[in-house]
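Q: Sequence and predicted model, in that order:
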Amino acid sequence: MTSTLTVEPLTAVDRCDRCGAQAYVRVTLPAGNELLFCAHHGREYAPKLRELDAEILDESERLGDLQSATAASAGSSD
């Protein structure tokens, strides 16, 4: 029997380990330790983390969804 680990999506409560902003990138190091980064720091550290063979889950595409929803609601306040 094989088991699949499911990773919970990041929420507004999850904070960047570098600056404290909302986390959009979850990094799992080969030893199993986990780091959370905002989109900015996730992009900054991604090359080095890939060298370390870390697993990177990047949810930063959600930022575009948030910006679209904010712009749509701002335009509908007639």
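A: All right, it came through fine.

Q: Look up the pLDDT of E8 for me, please.
A: You'll see E8 listed with a pLDDT of 88.

Q: any idea which element it lies in?
A: E8 is part of no helix or strand when elements are defined by DSSP states H and E.

Q: okay, now it: neighbour count?
A: Around E8 there are 7 other residues, counting by other C-beta atoms under 10 Å. Backbone N, C-alpha and C define where each C-beta goes, glycine included.

Q: R26 versus that one, what's the distance?
A: Going from E8 to R26 by C-beta to C-beta, to the nearest Å gives 9 Å.

Q: what helix or strand is A74 on?
A: helix 61-75.

Q: What average pLDDT does that helix get?
A: Here the average pLDDT along helix 61-75 is 73.

Q: Likewise for stretch 23-34?
A: 97.

Q: I'd like to check what contacts that stretch. Which residues are they?
A: 7, 10, 14-17, 35-39, 41-42, 45-46, 49, 52-60, 62-63 (C-beta atoms under 8 Å, 6 or more residues apart in numbering).

Q: from the residues you listed, which ones fall inside helices?
A: Here DSSP state H is the test, and these give A39, H41, G42, Y45, A46, L49, R62, L63 as lying in helices.
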